[in-house]
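Asks: 3D model of this:
(one chain, ligands or ions: 1)
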Amino acid sequence: MIETNGLAGGYQKEDILTDINLIIEEGDFFALIGPNGSGKTTLLRLMTGALEPSRGSIYVAGKPIQTYSSRKKAKMMAVLAQNSHVEFDFSVEEIVMLGRYPHQKGLIKHISPRDKEVVSEVMKQTEVYHYRDKPFKWLSGGEKQRVLLAKALAQEPRILFLDEPTNHLDVKHTVDMLQHLKEHQKNRQMTIVAILHDLNTAALFADKFAALHQGRLVKKGDLSVLKNEALLQKVYGVDIKHHSHPTLAKPQMLVAPEKMEEPNLRTLEGEVEQNEQYIHIAFPRPLRVLSNAVSGGGLQWHSHFCNFHVPKNYDCQDPAADVLRWLEDANIPAGDTLGMMTAVKLADQAFVRETIMDTPVFTVVTAGVGNAVDITENHPAEEEWQVGTINIMVFLDSHLTDGAFVNAVQSATEAKTKALADMQVADPATKTIATGTSTDSIAIAATQQGESTPYAGSGTRVGKAIGQSVYRAVTEAIENYRQRTDK
Ligand SMILES: Nc1ncnc2c1ncn2[C@@H]1O[C@H](COP(=O)(O)OP(=O)(O)OP(=O)(O)O)[C@@H](O)[C@H]1O
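Replies: Reported below is the predicted structural model:
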């Protein structure tokens, strides 16, 4: 649909862009990314024929852009430029109607029923219909932007060029605008070429990407362009990390500014507070944690770690809300706290604090085994569970990658299962050796100090440290539980 070959161009005989070779297919949502001054607007202006190239060629729908008459071009493409100014005293509807100009025939232009229909439809889509009679100049920046988009859509173009279209728009209108554009792309095969500064928005809505840097096209392709952290670092000059969107199969980018000075946690000396209701471990700064805890679970950062005692008949309708309430009652900052719960007496806890294979590890375990389960055996679908949970928190002075966190959970689980086997903890239903209990929780928390390690399985020092520490702590906690309950 759009093809540039060896394209160069700029202003006052000085080239801003050099050797741009790009193919934008029909129906693409194509995002141009790059820092300020990298040449994105210049490229857009060359592609729309607003600027003459100094070298190379631009083909649109198979024909050189220069061969299009202005009327034909206006039927083919619409442009929503950056900071478009409309000075006249037009109403919103009149401005949008200007978009129909290329479709109107004859010397004296008449507004046809079709023009009216399209104009109202696009005003509704862009949510400007209700102020169609207002003077344009009375509108806010974001409202004006939506009116100008409506005007561009009224042109019914095959290609829509957008220069920072979400400028001035709030979150809702940004999403709405891009959602509408996406529908136009899908339902009408409209090609969209958009300059987008917000990489996260680009990741959500665009399918193809081209990164410009100092007037050169340094990368083009699919979402892999945005996942290329080294490329983004080179282009933008800041550290940008990507992670996955929680509900969509899309990456999201996070800027990582240089780290501030933080307290050193080499000794892992978290403050421990314990009473009948909870065990609370507090660190002077957050640790990176992977956990299935009821509150603050997933991969997060937390400074506070709590294990709450609940009665055996605890009504677990909304455990996360309960934990938040208990944290508030105990004056522990909920936004920075991981919260587990157990019906086991907290006094049976085990604290194991050691340096194993050069890795400082602190493991906190509460264990009840009334609910022990051999996960490899068949059980009736609906079972009456008794109270009993093994809650494990492992604090490490180590720097783990996300993958290593998963490895660490694996290492801790293997150690727990070995402890249950050595202590002959049986599944009461199957009478076989239990592998865990039905409601176990785990948290692996790391200081993220020092060099990062990609593995934490049994073949690594940190994995062995986790294994030994968890084994000792689970064994001790079960011994304490057995002594008290006689089980
Ligand atoms: N009309 C002009 N005359 C001379 N130089 C210009 C003109 N417009 C832009 N430039 C220069 O061209 C270079 C690229 O500008 P361009 O607007 O294409 O960058 P951009 O990537 O769109 O930047 P931004 O993200 O800031 O909008 C800049 O150095 C700019 O100063």
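Asks: residues of the protein that sit close to the ligand?
Replies: Those residues of the chain that sit near the ligand, judged by CB under 6 Å from any ligand atom, are 11, 16, 34, 36-42. The C-beta positions use only the backbone N, C-alpha and C, and glycine is treated the same way.
Asks: of those, which pair is most distant in space?
Replies: Of all pairs drawn from these, the one with the largest separation by CB to CB is Y11 and G34; the distance is 17.6 Å.
Asks: more crowded one of these two?
Replies: Here Y11 and G34 are set side by side on neighbour count (other CB atoms under 10 Å), and the busier one is G34, at 23 against 10.
Asks: residue contacts, that one?
Replies: Listed by CB atoms under 8 Å, 6 or more residues apart in numbering, the contact partners of G34 are 40, 211-213, 235.
Asks: same question, A8
Replies: If a contact means CB under 8 Å, 6+ apart, then A8 has 15, 17-20, 53-56 as its contacts.
Asks: list the residues that contact the residue in the stretch 351-487 of the chain positioned nearest to the ligand.
Replies: Ranking the residues of the stretch 351-487 of the chain by distance to the ligand (CB to the nearest ligand atom) places D402 first, at 32.0 Å. In this structure, D402 makes contact with 290, 299, judged by CB under 8 Å, 6+ apart.
Asks: so where do the helices sit in the stretch 1-150 of the chain?
Replies: In the stretch 1-150 of the chain, the segments counted as helices under DSSP state H, counting those that start in this stretch are 40-47, 70-76, 92-98, 113-125, 141-154.
Asks: which elements pack onto the first one?
Replies: To tie it back to what came earlier, the one meant is helix 40-47. Contacts defined by 3 or more CB pairs under 8 Å, 6 or more residues apart in numbering; DSSP states H and E place helix 40-47 against strand 2-11, strand 14-24, strand 29-33, strand 55-60, strand 159-163, strand 191-195.
Asks: if we use 7 Å, what do you get?
Replies: Under the contact criterion of 3 or more CB pairs under 7 Å, 6 or more residues apart in numbering; DSSP states H and E, helix 40-47 touches strand 2-11, strand 14-24, strand 159-163, strand 191-195.
Asks: contacts only, for T41.
Replies: By CB atoms under 7 Å, 6 or more residues apart in numbering, the residues touching T41 are 82, 163, 195.
Asks: can you check I24 too?
Replies: With CB under 7 Å, 6+ apart, I24 has these contacts: 1-2, 30, 191, 193.
Asks: just P135 next, same as before
Replies: When contacts are counted by CB under 7 Å, 6+ apart, P135 touches 89, 91.
Asks: and the pLDDT for it?
Replies: The model reports P135 with a pLDDT of 92.
Asks: same check on H197?
Replies: For H197, the model assigns a pLDDT of 93.
Asks: just confirm G450 is within a strand.
Replies: No: membership of G450 in a strand is not supported by DSSP: H, G, I helix; E, B strand; the rest coil, which gives coil.
Asks: near the spatially closest residue to it that is not a sequence neighbour, how many other residues are there?
Replies: In space, and not counting its chain neighbours, G450 is closest to H399: 5.1 Å by CB to CB, 6 or more residues apart in numbering. For H399, the tally of surrounding residues (other CB under 10 Å) stands at 16.
Asks: ditto for the one 4 residues further on
Replies: Per other CB under 10 Å, the neighbour tally for G403 reads 12.
Asks: check V255 too.
Replies: 11.
Asks: that one contacts I240, doesn't it?
Replies: Yes: counting by CB atoms under 7 Å, V255 does reach I240; the two are 5.7 Å apart.
Asks: of all the helices of the stretch 1-150 of the chain, which one is nearest Q448?
Replies: Closest to Q448 of the helices of the stretch 1-150 of the chain is helix 40-47 (CB to CB; 35.8 Å).
Asks: just the CA atoms of that closest one, as CSV, please.
Replies: Taking C-alpha atoms only, helix 40-47 is exported to CSV below (Å, rounded to 0.1, in the frame of the first residue of the first chain):
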residue,chain,number,x,y,z
LYS,A,40,8.9,10.8,12.6
THR,A,41,6.9,13.8,11.5
THR,A,42,9.2,14.5,8.6
LEU,A,43,8.7,10.9,7.4
LEU,A,44,4.9,11.3,7.8
ARG,A,45,5.0,14.5,5.8
LEU,A,46,7.1,12.8,3.0
MET,A,47,4.7,9.9,2.9
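Asks: what would the contacts of T41 look like in TSV with neighbour count?
Replies: Below are those laid out as TSV (neighbours: other CB atoms under 10 Å):
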residue	neighbour count
Q82	13
D163	21
I195	21
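Asks: N307: which of these is nearest?
Replies: Of all the contacts of T41, the one sitting nearest N307 is I195; the distance, using CB to CB, is 50.6 Å.
Asks: what is the rounded mean pLDDT of the longest helix along the chain?
Replies: The residue-count maximum for a helix in the chain (DSSP state H) belongs to helix 461-485. Throughout helix 461-485, pLDDT has a mean value of 96.
Asks: hang on, the earlier thing: are any of the contacts of A8 buried, and if so which?
Replies: Among those, those classed as buried by 16 or more other CB atoms under 10 Å are 15, 17-18, 20, 53-54, 56.
Asks: in stretch 350-370, what counts as buried?
Replies: By 16+ other CB under 10 Å, the buried positions in stretch 350-370 come out as 350-353, 356, 359-370.
Asks: err, stretch 410-419, not the other one
Replies: 410-417, 419.
Asks: coming back round to it: Serialize the residues of the chain next to the ligand to TSV and add fields for pLDDT.
Replies: Supplementary listing: these in TSV, determined by pLDDT from 0 to 100:
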residue	pLDDT
Y11	94
I16	95
G34	97
N36	95
G37	95
S38	97
G39	96
K40	97
T41	95
T42	96
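Asks: mind giving me the PyMOL command for buried ones among these?
Replies: Selecting the buried subset of these in PyMOL, with 16+ other CB under 10 Å as the burial test, is done by:
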select buried, resi 16+34+38+39+40+41+42
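Asks: now the residues of the chain next to the ligand as JSON lines including distance to H130?
Replies: JSON lines is the format used below for the residues of the chain next to the ligand (distance: CB to CB, whole Å):
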{"residue": "Y11", "distance to H130": "41"}
{"residue": "I16", "distance to H130": "42"}
{"residue": "G34", "distance to H130": "37"}
{"residue": "N36", "distance to H130": "36"}
{"residue": "G37", "distance to H130": "39"}
{"residue": "S38", "distance to H130": "39"}
{"residue": "G39", "distance to H130": "39"}
{"residue": "K40", "distance to H130": "34"}
{"residue": "T41", "distance to H130": "32"}
{"residue": "T42", "distance to H130": "37"}
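Asks: nearest to Y131 among the residues of the chain next to the ligand?
Replies: Distance to Y131, by CB to CB, is smallest for T41 among the residues of the chain next to the ligand, at 29.2 Å.
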